[in-house]
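Asks: Give me a 3D structure for the following:
(2 chains)
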Number of protein chains: 2
Amino acid sequence: MTKVFIGGAGMVRFGKYDASVTFEKLATGAAKAALKDSGVSRKDIEAVYVGHVFGGPVAGQRVSTELGLAGLPVSNHENYCASGATALREAWTAIKAGLYDIVLVIGAEKMTDRVKGGVTPDPNDLDAAQGYVMTAGHAMSARRYMHDYGATRDQIAAVAVKNHAHSQHNPFAQYQHAVSLEEVLNARKIADPLGLLDCSPISDGAAAAIVCSDRGMVRLGINGVRPEVKAIGLVSGTLRSGHYDVNEEDISRRAGLQAYKLASIDPSDIDLVEMHDCFTIAEIVRMEGLGLVPKGEGAAWTAAGKTSIGGELPVNPSGGLLSRGHPVGATGMAQVCELYWQLTAQAGSRQVQDARLGLAYCKGGTVSGTDGASVTTVVMQS
Amino acid sequence: MTKVFIGGAGMVRFGKYDASVTFEKLATGAAKAALKDSGVSRKDIEAVYVGHVFGGPVAGQRVSTELGLAGLPVSNHENYCASGATALREAWTAIKAGLYDIVLVIGAEKMTDRVKGGVTPDPNDLDAAQGYVMTAGHAMSARRYMHDYGATRDQIAAVAVKNHAHSQHNPFAQYQHAVSLEEVLNARKIADPLGLLDCSPISDGAAAAIVCSDRGMVRLGINGVRPEVKAIGLVSGTLRSGHYDVNEEDISRRAGLQAYKLASIDPSDIDLVEMHDCFTIAEIVRMEGLGLVPKGEGAAWTAAGKTSIGGELPVNPSGGLLSRGHPVGATGMAQVCELYWQLTAQAGSRQVQDARLGLAYCKGGTVSGTDGASVTTVVMQS
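Replies: Numbers count the residues shown, from 1 in each chain, chains lettered A, B, ... in the order given. Here you go, the predicted model:
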């Protein structure tokens, strides 16, 4: 079976950009960085996969034209916050099917132009119409978690402290400063008990990778270790179809099992995780759902430093969504960039020692709403 | 190599529906029809691929939840008017890669809720900003074609007459009545020489198919002939990067060559074509671009009945976009439904005799604009 590798990766710094920095500018910036990193020239690229939510129709075609890649197969893929990872999954699948050897995958989003305030739920989402919006759902998740497992507010806030500490060392992060526990606890309340620093920001940004078959790697003469994309899981789910435990995370459990099986790995071998921490509490319950942290112990693990760089299982060395930022369609590919840098020992002062096996997790949509969510799980190994 | 088949297909009638007929209702209606046609039960479906443009984030997840398919891998794919075909291409690729044996593919669009008047171009499209909108582009194409090849206005109008004649026999068509040459010529002018009946309408609708590997067909116990999806080409292009001949159709030429090569077929063996006739002239120049009609002869071929059912190479037995209707994300899958019915001799009084090899063509975006377009070419054989 064809193996699939990340031949190079690149990002533009996440943040809030003015109108002159368009979706196309962000996306092409990331793509050019990935091309440069890999040493791949445009003529070697056989197809372009673009993940985004708000870029508008045929945004990927506009980007490809700007890049001088007009003519190639170009496609756009949307799974809300898992859009970038879904684009990568389609590329990975096409290489597995033997269609291509060398492709470009881009995740991009210009949110500040299109999203005012927060992301609004779908007009048909009945839960949201009754006030059960995303922040309310995660606040309820935090309250329930504290009640069920005796976790403290400080322990949950520790996720934000950790991820900001990590992204001080990430030149592509939206926030590159530390925050104290007190700052997290005293931040403006959004949905009790969660405050502003428990929530990922509205961000602009893009991330890209050159994805190659083993044959493509040889053709390009890429030397040195490159991480293999062992598997990309994709599952969906909604609480509507089951019993209602807001922290059950059945969708994460299934997404994990699918990835571990597809990749033929023992999850206990995973060295680091890039996790979809759209809210502090989300990092905790999703790590538990994946079976990577014992149920009910995630908050305590975080406060004890077990998920920090240097701990037992570092989570979000990049800073995660909370501090690297969260331009929704770009996030999945930013996670892949981070795994690539970590697994090739290029992560500088945020390097996880002896990182060999990494997992990146995205969730798009809301499992508690009427939409149904999708979760992607990317397993990469060097 | 794994072979991929259409195990069943279904549509809802295209048309203009009121607000009570939602995107989800259209999409689930088509999916249920495809499930029923194939005899496949929900528990056999392994993944869901949804193509749409205006359905909003995670529309496919909402549809899957409604269908009782929550839990499966679900993904959304956008390539403007080629979105449905792009979703099919990802499904076809995943089956080729060995990921799945039985999947559901849906193309759907509720346009009348979202699009008022015509489809508006992207705000960054500089050509459109100067008045070179889609209708103007196709009008220019028609004028140039008449000038270069001595074609007449009547011959171009004959495309609309033919496609309306065909769709009288299509129970899923938006228009099921004939139109005369006089009616086409005397219709309200949209962009000279093109009138209202030279333009495809704004439509709502959905179309779906059950897509299976050879192993999946055996598992389901599907008997009888089912058409194989031999190949699905995808290319992009923009006139910005080349010389400027509005009827050059280099993108169609490349899309055709890619499909013929992938499918290992001789294009002269093609028995029928479902063509993206968003405008009358577009059917003519795209058939020529594909190399299926000699350059400059498409208009004359049409007027002579060569592209009618019963002619040398029937084009759009379904009625095409002009008369079956054009809910953009649904169109590619509606074409696949028509090829499925034709290749299994289920097309009733619009049946193309001895149909064995069919091609379906979609173009998404505008090659003349700054976007760049993408073309899909689906080859199916019974």
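
Asks: The stretch 201-350 of chain A: helices as residue ranges?
Replies: A:214-220, A:250-263, A:280-289, A:298-303, A:320-323, A:328-343 (DSSP state H, counting those that start in this stretch).

Asks: Residues touching the fourth one, excluding its own?
Replies: Looking back up the chat, that one is helix A:298-303. Identification of contacts with helix A:298-303 by C-beta atoms under 8 Å, 6 or more residues apart in numbering or on different chains yields A:145, A:149, A:151-152, A:154-156, A:158-159, A:162, A:283-285, A:287-288, A:293, A:307, A:312, A:315. Any C-beta I mention is one placed from the backbone N, CA and C, and that applies to glycine too.

Asks: is the one helix or strand in chain A whose mean pLDDT sits lowest up against chain B anywhere?
Replies: Using mean pLDDT, DSSP states H and E, the weakest-scoring helix or strand in chain A turns out to be helix A:126-129, at a mean of 76. No: Helix A:126-129 does not reach chain B (C-beta under 8 Å from any C-beta of the partner chain); its nearest approach is 11.4 Å.

Asks: ok now that helix, how far from the chain's centre?
Replies: 26 Å (C-alpha atoms, centre = their mean, to the nearest Å).

Asks: One more: stretch A:81-89?
Replies: Worked out by C-alpha atoms, centre = their mean, stretch A:81-89 lies 9 Å from the chain centre.

Asks: same thing with stretch A:160-178?
Replies: With C-alpha atoms, centre = their mean, you get 15 Å for stretch A:160-178.

Asks: again with stretch A:125-144
Replies: For stretch A:125-144, the distance to the chain centre is 22 Å (C-alpha atoms, centre = their mean).

Asks: And stretch A:148-162, by the same measure?
Replies: The answer for stretch A:148-162 is 21 Å, by C-alpha atoms, centre = their mean.

Asks: Buried ones in it, by neighbour count?
Replies: By neighbour count on 16 or more other C-beta atoms under 10 Å in any protein chain shown, the buried set for stretch A:148-162 is A:149, A:151, A:153, A:155-162.

Asks: ditto for stretch A:29-42
Replies: For stretch A:29-42, by 16+ other C-beta under 10 Å, it's A:29-35, A:37-38, A:40.

Asks: does chain B sit close to that stretch?
Replies: No: Stretch A:29-42 does not reach chain B (C-beta under 8 Å from any C-beta); its nearest approach is 12.1 Å.

Asks: what is the rounded mean pLDDT of that stretch?
Replies: Stretch A:29-42 carries an average pLDDT of 96.

Asks: residue boundaries of the strands in the stretch 1-150 of chain A?
Replies: A:4-11, A:48-51, A:74-78, A:102-110 (DSSP state E, counting those that start in this stretch).

Asks: What lies in contact with the third one?
Replies: By that I understand strand A:74-78. In contact with strand A:74-78 (C-beta under 8 Å, 6+ apart) are residues A:47-53, A:55, A:57-61, A:64, A:83, A:86-87, A:90, A:329, B:57-58, B:75-79, B:86, B:89-90, B:234, B:236, B:372, B:374.

Asks: cool, and stretch A:246-265?
Replies: A:137, A:140-141, A:144-145, A:148, A:230-237, A:239, A:242, A:266-267, A:285-286, A:288-292, A:357, A:359, A:361, A:363, A:367-368, A:373, A:375-379, A:381, B:71.

Asks: Give me the mean pLDDT for it.
Replies: 94.

Asks: Quickly note the distance from residue A:325 to residue A:319.
Replies: Relative to residue A:319, residue A:325 is positioned 8 Å away (C-beta to C-beta, to the nearest Å).

Asks: Quick check: neighbours shared by these two?
Replies: What both residue A:325 and residue A:319 touch, as defined by C-beta under 8 Å, 6+ apart, is the set A:173, A:175.

Asks: Can you name the residues bridging to the closest residue to chain B within the stretch 151-300 of chain A?
Replies: Nearest residue of the stretch 151-300 of chain A to chain B, counting by C-beta to the nearest C-beta: residue A:234, 3.9 Å away. In this entry, residue A:234 is beta-bridged to residue A:376, by DSSP bridges.

Asks: Would you mind confirming that it makes contact with residue A:378?
Replies: No: using C-beta atoms under 8 Å, residue A:234 is not in contact with residue A:378; the gap is 10.0 Å.

Asks: Could you list which residues are in contact with the residue nearest to the spatial centre of chain A?
Replies: Within chain A, one residue has its C-alpha closest to the average C-alpha position: by C-alpha atoms, centre = their mean, that is residue A:332, at 3.5 Å. The contact partners of residue A:332, taken as C-beta under 8 Å, 6+ apart, are A:51, A:81-88, A:107, A:360, A:362, A:376, A:378.
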